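Student: Dropping a prediction and its sequence here:
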Amino acid sequence: MIHEIATTIVQQIGGMGYFGIFLLMFLESTFFPFPSEIIMIPAGYLAFKGEMDFYLIILIGISGSVAGALFNYYLAMHFGRKFILKYGKYFFIKEDTLNKLETFFVKHGELSTFNGRLIPGIRQLISLPAGLARMNIARFSFYSALGAGIWVIVLVALGYLLGSNEALISEYLRSATVIALICVVLITFFYIVRNKRRKEILED
């Protein structure tokens, strides 16, 4: 069953080309529960077969992710919290979920747009509190691209190196997720320590 689904996705991506990757990654970064793993890993496999360009896949994947994140950002910024709560329920966004996202954003600051891109379950929705807080758009785009870039590269590399071996892909994907979460903790710690030292210097 899984093999058939993967084969179908490979065929669909191959048929739609780079535009298909952009469109699917755009949707993945908005409200649709559409995991990026089933887009970028098959795309990496197509690069392995020589049917698509490895680096262009990564560039298109990141572009689609950032475009989807910007869509959420502007939606939240222009229509506000009430709008999200009113219509978000149709996309599994409850008030409790939004509260947790806002708490995460406040706790980690602008860096949360980077960290959030690497955390399952938060990846697609971290743009909402950024939009509500009217975060600087240049910083938002930069951190979103950085976080999405790391994840996209990991997925494309898995597809390229492991081909259609589902068991190995599943195993290494779990390991990659754990490594990504460890990176989130380390980068956040570094960011907090750096900001604390800056404040101490300014106070002196």
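Tutor: Nice, thanks for sending it over. All values reported here derive from a predicted model rather than from experimental measurement. Numbers count the residues shown, from 1 in each chain.
Student: Might one say that Ile39 is in contact with Leu24?
Tutor: Yes. Using Cβ atoms under 8 Å, Ile39 is in contact with Leu24, at 4.7 Å. C-beta here means a position set from N, CA and C on the backbone, and glycine is covered the same way.
Student: Please say which of those two ends up with more neighbours.
Tutor: Ile39 (27 against 24; other Cβ atoms under 10 Å).
Student: Compute the distance between that one and Arg139, please.
Tutor: 26 Å (Cβ to Cβ, to the nearest Å).
Student: For Gly17, give its distance to Leu56.
Tutor: 10 Å.
Student: Count the residues that sit near the residue lying closest to Leu46 once chain neighbours are set aside.
Tutor: Closest residue in space to Leu46, ignoring its immediate chain neighbours: Met52 at 4.4 Å, by Cβ to Cβ, 6 or more residues apart in numbering. The tally of other residues near Met52 (other Cβ under 10 Å) stands at 20.
Student: ok, Met52 - contacts?
Tutor: Contact analysis of Met52 by Cβ atoms under 8 Å, 6 or more residues apart in numbering lists Gly14, Gly17, Tyr18, Ala43, Leu46.
Student: before we move on, what SS does it have?
Tutor: coil (DSSP: H, G, I helix; E, B strand; the rest coil).
Student: now Arg134
Tutor: Of the three states, Arg134 takes coil according to three-state DSSP.
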